[in-house]
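# Return a 3D structure for these sequence lines:
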Amino acid sequence: MPLNRRFRHVTRIGPVQVGTANDARGREKHTAACTAPRCGFSADYDSRAAAELAARTHRCPAR
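Numbering: from 1, shown residues only. Below is the predicted model of the structure:
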């Protein structure tokens with residue numbers, strides 16, 4: 001079941017957006033998601049630094 005998240009502190013690193021939201025249990029999660037068409041990369045991380053590192057090192061296969 002999809003979750004409606006309210007993201008805050010959203011930044012963009014290349015084609016990847018990094019945002020912070022609370023999960024269903026109230027814990028803070030950081031998400032990195034690629035906005036390029038047909039890429040499909042997205043992942044949740046416990047720390048903001050990990051999400052930003054994933055955004056910086058992401059190599060989009062859709063190019």
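
# For the protein, just list every one of the strands.
For the chain, applying DSSP state E gives strands covering 8-13, 16-22, 28-34, 42-45.

# how about those strands, which one is nearest His58?
strand 16-22 (5.3 Å; CB to CB). Where you see a C-beta, it was placed from the backbone N, CA and C, and this is true even at glycine.

# partners of the closest one in the sheet?
Using DSSP bridges, strand 16-22 pairs in its sheet with strand 8-13 (antiparallel), strand 28-34 (antiparallel).

# Kindly state the beta-bridge partners for the residue sitting nearest the centre point of the chain.
A centroid search over the chain (CA atoms, centre = their mean) returns Ala32, at 1.6 Å, as the residue closest to the centre. In this structure, Ala32 bridges to Val18, Ala43 when assessed by DSSP bridges.

# roughly how far apart are it and Ile13?
8 Å (CB to CB, to the nearest Å).

# quick one: common contacting residues for these two?
52, 55 (CB atoms under 8 Å, 6 or more residues apart in numbering).

# ok, and for stretch 25-34, which residues are buried?
Buried positions in stretch 25-34, judged by neighbour count with 16 or more other CB atoms under 10 Å: 29-34.

# my bad, stretch 37-44
39, 41.
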